[in-house]
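Asker: Turn this into a structure:
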Amino acid sequence: MAQSIGNMTAAERLALISADTQSGIPTSLDLEKALEGTMVGPPWADKYPKDPEQWENQLWRLHNLYYIVDKVGNKVLFQPNWAQVQLIENLWFLNVILKARQYGFTTFIGLLLLDNTVWQEDQRCGIIAHNKEDAKVIFRDKVKYPFDNLPDPIKSRLAPKLDSANELLFSNNSSIRVGTSMRSGTFQMLHISEYGKLCAKTPEKAREVKTGALNTVQKGQIVFIESTAEGRAGHFYELCERAQNMAKLHKKLSALDYRFHFFPWWCSPDYELQPDEISDDMVLPTEMLEYFVDIEATILKRLSMGQKLWYWKKWVDQGEDMKREFPSTPEEAFAAAVEGAYFKHQMAKVRVEKRICRVPYVDAFPVDTFWDFGFSDQNCIWFMQHVGLEYRFIDYHSASGEELAFYIKMLQQRPYIYGTHYLPWDAGHTDLKRRESLEDRFRDLHVRNTYAVDRIEDEAQGYNATRAILSQCWFDEEKCNEGIIGLDHYRKEWNEKMGCFSEHPLHDWASHPAKAFETFAVGYRKRPTGGKKKGSRRRRVSGMAA
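Answerer: Next up is the predicted model:
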């Protein structure tokens, strides 16, 4: 039975890689051999009634040596749960973990790293938390407490040479450190906790982890990246997508590829009401029954009534956040609303009412476009048809670094009959360098049906207008996917110092599709018929020459 890479020496891992990185790698490991050690038992092991050979087995050590404080505040001997065992059974060099809440991966991986430093020489292990407060808690509860409660002979033999607020360095020259970024040094094992939150709230810090910490881990060493989902953007999402795609295509993994691990709520025996907790008056609402029909068809598994009732009870309290905190599928996890998102509830309603679907172009109605401009930034365009009481968004386009002529050519290449091109409020202002306005440049390219919307008084007016109009909007699920993701991710800026969201929008990639949609929300009326607007120049609406 193959040995786990989790406890191989660096030489053994490199030998495995150089022999053949495309074959011979374990995909399912025998639990009894999963974490066998490579060192002999300690000389004081015979003082204990256990067989000295047991000290060589990491799985035995994890079941018998480490104490933690459990969820109700009791000191208990740590015992790996089903999810933690499954992770070990499928351990790879690079591991990305998408999970439901309360599976204890931070505790378990912390103990794995601690055990590695205690039982092997010259190891460097690191844990990255998404904020300083969590880093302190992880070090105190997941590292220091288990070490302090080890048997005295182990502690005395490994008397720490350094015992600080965030690092333990033992006499065997192995260390474990907890922080928020680790650019310096090299690590044999690295754990990044709640990376999805880091990517969503503080993208610059996430970039530091990506370019700094991950490059401290050489080929053949072990990385754990675990988190709940935080929207369909950022490095954590990209890692999960890439790893999922490789798994779906049954591609063989190299030591530089990530293995995807998903732990949904419905696998846990704890997430279920017991028969004596269920009463006759517990009746699932229709929309919840429909949800479970869809989920069971997706996961190819029947859920018990106890599981369904548990989920429903949690849903009553958590609402749409259940999809992020207790996902049923990876797709659902990433589709859930991002924390601090402006249109969280409105986009959830769009999905519940199934208004993200196939929305075909109807040639009996003109297509209006709505723009947000940028040169070095993104330039975004929504394409909409007003049919009855419905605003049908049939297409979306974005690019950067292109001149206006590029976008006009793109419009001409699409098979649409255009109505009006709605532009941001400042499109009518003269650019001092060019000595012409954006509308002038449109006319120079023979596009005359433009309309610069009114300037809004503040940011709140813009996102509130979007919130109000989304209830009448339909989106093509394929052509508008990028724009939909932008609406999902347009969010408040995170104030790191205060530990809360500010009242101001975060200016990132998502603000551009959201601002283009805002052009629609604040500026769309019945198609303009010309004439002069008070306080503005005449808007030309005569059509587009193509």
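
Asker: what helix or strand does Asp317 sit in?
Answerer: helix 305-318 (DSSP states H and E).

Asker: and that helix, what does it pack onto?
Answerer: helix 286-299, helix 322-325 (3 or more Cβ pairs under 8 Å, 6 or more residues apart in numbering; DSSP states H and E). C-beta: built from backbone N, CA, C; applies to glycine.

Asker: how about a cut-off of 6 Å?
Answerer: The contact analysis (3 or more Cβ pairs under 6 Å, 6 or more residues apart in numbering; DSSP states H and E) places helix 305-318 against no helix or strand.

Asker: Restrict that helix to CA atoms and write it as CSV.
Answerer: Below are the C-alpha coordinates for helix 305-318, written out as CSV (Å, rounded to 0.1, in the frame of the first residue of the first chain):
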residue,chain,number,x,y,z
MET,A,305,-36.1,14.1,5.8
GLY,A,306,-33.9,14.9,8.9
GLN,A,307,-31.3,16.4,6.6
LYS,A,308,-33.8,18.5,4.7
LEU,A,309,-35.4,19.8,7.9
TRP,A,310,-32.0,20.6,9.3
TYR,A,311,-31.2,22.6,6.2
TRP,A,312,-34.5,24.4,6.2
LYS,A,313,-34.2,25.3,9.9
LYS,A,314,-30.8,26.8,9.2
TRP,A,315,-32.1,28.5,6.1
VAL,A,316,-34.7,30.3,8.1
ASP,A,317,-31.9,31.9,10.1
GLN,A,318,-29.2,32.2,7.5
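
Asker: quick one: low-confidence ranges for the stretch 251-400 of the chain?
Answerer: 337, 374-377 (pLDDT under 70).

Asker: And the strands in it?
Answerer: In the stretch 251-400 of the chain, the strands defined using DSSP state E, counting those that start in this stretch lie at 258-263, 356-357, 367-372, 378-387, 390-400.

Asker: I'd like these laid out as CSV, including mean neighbour count and distance to Arg157.
Answerer: Below are the strands of the stretch 251-400 of the chain laid out as CSV (neighbours: other Cβ atoms under 10 Å; distance: least, Cβ to Cβ, whole Å):
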stretch, mean neighbour count, distance to Arg157
strand 258-263, 20, 34
strand 356-357, 15, 61
strand 367-372, 24, 64
strand 378-387, 22, 58
strand 390-400, 19, 59
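
Asker: would you turn those into TSV with distance to Val293?
Answerer: Converted to TSV, the strands of the stretch 251-400 of the chain look like this (distance: least, Cβ to Cβ, whole Å):
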stretch	distance to Val293
strand 258-263	21
strand 356-357	18
strand 367-372	36
strand 378-387	30
strand 390-400	27
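
Asker: which stretch among those strands comes nearest Pro285?
Answerer: Each of these has some distance to Pro285 by Cβ to Cβ; the shortest is strand 356-357, at 22.0 Å.

Asker: That closest one - contacts with which helices or strands?
Answerer: By 3+ Cβ pairs under 6 Å, 6+ apart, strand 356-357 packs against no helix or strand.

Asker: partners of it, with directions?
Answerer: strand 473-476 (parallel) (DSSP bridges).

Asker: so what's Tyr237 scoring on pLDDT?
Answerer: For Tyr237, the pLDDT comes out at 92.

Asker: Please read the previous query as pertaining to Thr180.
Answerer: 90.

Asker: burial count for it?
Answerer: 19 (other Cβ atoms under 10 Å).

Asker: And the residue nearest to Lys155 when sequence neighbours are not counted, which helix or strand is it part of?
Answerer: The shortest distance from Lys155 to any non-neighbouring residue, by Cβ to Cβ, 6 or more residues apart in numbering, is to Phe147 (7.2 Å). Following DSSP H and E, one finds Phe147 within helix 145-148.

Asker: For that helix, which outside residues touch it?
Answerer: Under the contact criterion Cβ atoms under 6 Å, 6 or more residues apart in numbering, helix 145-148 has outside partners 66, 114.

Asker: in it, what counts as buried?
Answerer: 145-147 (16 or more other Cβ atoms under 10 Å).

Asker: again with stretch 152-162
Answerer: So stretch 152-162, judged by 16+ other Cβ under 10 Å, has buried residues 154, 158.

Asker: so where is the protein shaky, pLDDT-wise?
Answerer: Checking the chain against pLDDT under 70 turns up 1-53, 337, 374-377, 428-436, 495-500, 525-546.

Asker: related to what we said a few turns ago, so which of the strands of the stretch 251-400 of the chain gets nearest Glu518?
Answerer: By Cβ to Cβ (comparing all of those), the closest turns out to be strand 367-372, at 7.8 Å.

Asker: List of residues touching the closest one?
Answerer: Against strand 367-372 from outside (Cβ under 6 Å, 6+ apart): 380-385, 416, 418-423, 512, 515-516, 519-520.

Asker: and Tyr396, how far is that from Leu168?
Answerer: In this view, Tyr396 and Leu168 are 51 Å apart by Cβ to Cβ, to the nearest Å.

Asker: Pretty sure Ile485 sits against Gly234.
Answerer: No: applying Cβ atoms under 6 Å, one finds Ile485 not in contact with Gly234, separated by 11.1 Å.

Asker: Those two: who's more crowded?
Answerer: The neighbour count for Ile485 versus Gly234, taken as other Cβ under 10 Å, is higher for Gly234 (24 against 19).

Asker: Can you pull the phi/psi pair for that one?
Answerer: Main-chain torsions, Gly234, degrees, to the nearest 10: phi 100, psi 170.

Asker: so what's it closest to, chain neighbours aside?
Answerer: Cys199 (3.2 Å).

Asker: Show the secondary-structure elements that the helix or strand harbouring the one you found is packed against.
Answerer: Cys199 belongs to helix 195-201 when elements are defined using DSSP H and E. Contacts defined by 3+ Cβ pairs under 6 Å, 6+ apart place helix 195-201 against helix 203-211, strand 217-227, helix 235-248.

Asker: Go through those and name the closest to Ala255.
Answerer: Once the helices and strands packed on helix 195-201 are compared by Cβ to Cβ, strand 217-227 is nearest, at 5.2 Å.

Asker: And for the residue lying closest to Gln307 once chain neighbours are set aside, the neighbour number?
Answerer: Of all residues not flanking Gln307 in the chain, Glu272 sits nearest, at 4.7 Å (Cβ to Cβ, 6+ apart). Neighbourhood size, Glu272 [other Cβ under 10 Å]: 18.

Asker: Might you report the residue contacts of Glu272?
Answerer: Glu272 touches 306-307, 310, counting by Cβ under 6 Å, 6+ apart.

Asker: Between those residues, which sits nearest Lys344?
Answerer: Distances from Lys344 to the contacts of Glu272, taken as Cβ to Cβ, are shortest for Trp310 (23.9 Å).

Asker: Is that closest one in contact with Asp270, as I believe?
Answerer: No: Trp310 is beyond contact range of Asp270, at 9.0 Å (criterion: Cβ under 6 Å).

Asker: who has more neighbours, the two?
Answerer: Ranked by neighbour count (other Cβ under 10 Å), Trp310 and Asp270 place Trp310 first, with 23 against 10.

Asker: For that one, which residues are in contact?
Answerer: 271-273.

Asker: One more: Lys308?
Answerer: Phe292.

Asker: And for the one 4 residues further on?
Answerer: Trp312 sits next to 284, 288 when contact means Cβ under 6 Å, 6+ apart.

Asker: From Leu168, how far out is it?
Answerer: 45 Å.

Asker: quick revisit: mean neighbour count, the helices and strands packed on helix 195-201: which tops it?
Answerer: Compared across the helices and strands packed on helix 195-201, strand 217-227 shows the largest average neighbour count, a mean of 21 (mean count of other Cβ atoms under 10 Å).

Asker: who does that strand pair up with?
Answerer: strand 94-99 (parallel), strand 187-193 (parallel).

Asker: Need the contact partners of the last one.
Answerer: When contacts are defined by Cβ under 6 Å, 6+ apart, strand 187-193 is touched by residues 106, 109, 113, 116, 123-129, 216-217, 221-225.

Asker: make it 7 Å
Answerer: Outside strand 187-193, the residues that touch it by Cβ atoms under 7 Å, 6 or more residues apart in numbering are 10, 106, 109, 113, 116, 123-130, 138, 209, 213, 216-217, 221-226.
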